[in-house]
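In: Okay, sequence plus prediction incoming.
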Amino acid sequence: MLIILIITIALLILACVFMLWMRVSLKRIIKDLRTNEELLRQENKSLRYRLDHDPITGHTNWLSMFDRIGHSPEERILPYTLVHFDIKEFKMFNELYDHKVGNLVLCFVSESIMKADFILASARCHNDNFAFMVKPEYDENLKETLEKFFEEMKYVPGYEERPLYFRCGVVEKNFSGIARDTIADMAKMAQAMGTKKNCTEIIFYDETMKEDLLKGEKLLNDLPEAFMRDEILVYLQPKIDPKNGDIVGAEALARWNYHGKEIWTPNRFIPYIEKNNGINMLDEYIVERVCRQFTCWIDQKLPLHPISINLSQREIYKESLVDDLVSIVDRYKIDHDLIEFELTETAAYEDKEYLIRVMRRLKEVGFRLSMDDFGTGYSSFNLLKDMPLNTLKIDKSFVDSIGVNASDSKGQSIVEDIVRMVKHLSMISVAEGVEDESQRDILMKCGCDYIQGYLYSKPLTIEEFENKYLTT
Ligand code: C2E
Ligand code: MG
Ligand code: MG
């Protein structure tokens, strides 16, 4: 009996201990389960965050920018102006300093976007590319708003010596109703039109851009073959001394014998390849072609006159410009002072210090320099006196304002002033686009040194030029 009692009590104690253990274990299991659930929830949250945000700046990314304003890709509606931009020469920050500084710049831009009250939603898209949508109430003075925004973002604290310049494409809200990725492509297309250095460009998308860009890409693809098949031609237009009618030089002007079917003048292809590096390929090809021509004339013992070659703005701002030009000309062993490079005033809009530096280097290595189309661009006399120019070409618009068909009664005194100033700066003046004798006579009276224009000759093929001006 006693044994049974003891066993029962022992069993009861065991049962109690077991129950107690069960309770503790269950509690622990429930707690663990809860913790796991919490962890899972947190992990999900962090995964979501990582999916929606860029790890460097913490900025929302392209897809989540649209989620924020509740637009699914299927909706095909974007009733907001979209801005897409990048930082010009961003890689310099990584190269000059290090990646940490590069990241700091990205964070600075990201913070500036977050602070801007005209922005509805934004994203860091990739690398140094950002996008944002504009609140509709700011659409009215959009350009000014954007200019102010980019200006305020120009200096990164601590790195003020390297201001930020932006390339910005804008698609206005009247383009809504198009798939959002297409809108982005349109904005990027406008953005790609920004090719200048050291200035912020804000470019609004318009329908012609697409066609121009596609055309530019097609011509860029066609160029290498066009070079190989000698479809890119150099025409030469003489520069004449009006006092005696002698030739003093010529300008090389590009023509494209497109697929051997039709001769295109520059306006049919240069505006399109200016948007991509086709223009660099063209400019360098013309330099090479002119040098090749000089070697033929040297071999044939024909007289040599300096040839001027147009340099596009894009070419001028190419880092390796001077070395590349010297290497082409030296390959043909041509005297540098037989080559004159024509630059346009508009190049000075971007970065005049840089332009002057490049000009000085070109001059140091012995090339001649000329300012083309003078009067159509900057026309700052201050700037001119700092430029190491040999020649100044008075634009056709001034020449049109003198002579029997003059469009402007003040024309002559303006031309007189320009010629006087050119003389004062010890440069040579060349008047462009001279078509009749009355214009030539006035130009001579004003003291203009040389004349280029249909009055003497249209641009000629090399063969015509040789026959007319080099052989006797
Ligand atoms: P530009 O350098 O100012 O060249 C002068 C332009 O005026 C030439 O047009 C020439 O044919 C034209 N012209 C000359 N005299 C007269 C005249 O008496 N009356 C009229 N109406 N026109 C005259 P073109 O050959 O069509 O060249 C146009 C522009 O294309 C050039 O203007 C130059 O800016 C650019 N260009 C031409 N070849 C090249 C090149 O190889 N590289 C670059 N970057 N640009 C080039
Ligand atoms: Mg020219
Ligand atoms: Mg010109």
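Out: That came through, no problem. Ligands and ions are numbered 1, 2, ... in the order given.
In: Can you give me the domain assignment for the protein?
Out: Domains of the chain are assigned by automatic domain parsing as 62-205, 212-470.
In: which stretch in those is the model least sure about?
Out: Within these, confidence is poorest for domain 62-205, with a mean of 87 (mean pLDDT).
In: what about that domain and ligand 1, touching?
Out: No - using C-beta under 6 Å from any ligand atom, domain 62-205 stays clear of ligand 1, coming no nearer than 13.3 Å. In this view, the C-beta of every residue, glycine as well, is placed from N, C-alpha and C.
In: how deep is Tyr258 tucked in, by neighbour count?
Out: Tyr258: 16 surrounding residues under other C-beta atoms under 10 Å.
In: Please name the residues that touch it.
Out: 226, 231, 264, 268 (C-beta atoms under 8 Å, 6 or more residues apart in numbering).
In: Verify the contact between the last one and Ala254 for me.
Out: No - the pair formed by Arg268 and Ala254 falls short of the contact definition of C-beta atoms under 8 Å, at 10.6 Å.
In: more crowded one of those two?
Out: Taking other C-beta under 10 Å, Arg268 and Ala254 do not tie; Ala254 has more neighbours (21 against 14).
In: correct me, but the more buried one touches Arg289?
Out: No - checked against C-beta under 8 Å, the pair Ala254 and Arg289 is beyond contact range at 9.0 Å.
In: mind checking the SS state of the most centrally placed residue in the chain?
Out: Geometric centre of the chain, nearest residue: Thr195, 0.9 Å, by C-alpha atoms, centre = their mean. Taking DSSP: H, G, I helix; E, B strand; the rest coil as the rule, one finds Thr195 in the coil state.
In: right, and it touches Ile273 too?
Out: No - contact criterion C-beta under 8 Å: Thr195 and Ile273 do not qualify, at 11.4 Å.
In: list the residues that contact both of Ala254 and Arg289?
Out: 232, 234.
In: Now do the contacts for Ile339.
Out: By C-beta under 8 Å, 6+ apart, the neighbours of Ile339 are 287, 290-291, 306-309, 329, 367-368.
In: go again using 10 Å as the cut-off
Out: 252, 287, 290-291, 294, 306-309, 325, 328-329, 362, 366-368 (C-beta atoms under 10 Å, 6 or more residues apart in numbering).
In: Enumerate the residues of the chain near ligand 2.
Out: Within the chain, the positions adjacent to ligand 2 are 310, 342, 372 by C-beta under 5 Å from the ion.
In: Kindly recompute the last result at 8 Å.
Out: 251, 253, 308, 310, 342, 344, 370, 372-373, 393, 432 (C-beta under 8 Å from the ion).
In: most residues in a single helix of this structure, which one?
Out: helix 2-52 (DSSP state H).
In: Average pLDDT for that one, rounded please.
Out: 76.
In: So which other helices or strands are in contact with that helix?
Out: When contacts are defined as 3 or more C-beta pairs under 10 Å, 6 or more residues apart in numbering; DSSP states H and E, helix 2-52 sits against helix 62-68.
In: hey, C-alpha coordinates of the helix it packs on in PDB?
Out: Listed next in PDB are the C-alpha coordinates belonging to helix 62-68 (Å, rounded to 0.1, in the frame of the first residue of the first chain):
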ATOM      1  CA  TRP A  62      13.800  54.600 -60.700                       C
ATOM      2  CA  LEU A  63      11.000  52.000 -60.200                       C
ATOM      3  CA  SER A  64      10.100  53.000 -56.700                       C
ATOM      4  CA  MET A  65       9.900  56.600 -57.800                       C
ATOM      5  CA  PHE A  66       6.700  55.700 -59.800                       C
ATOM      6  CA  ASP A  67       5.400  53.500 -56.900                       C
ATOM      7  CA  ARG A  68       5.500  56.600 -54.700                       C
END
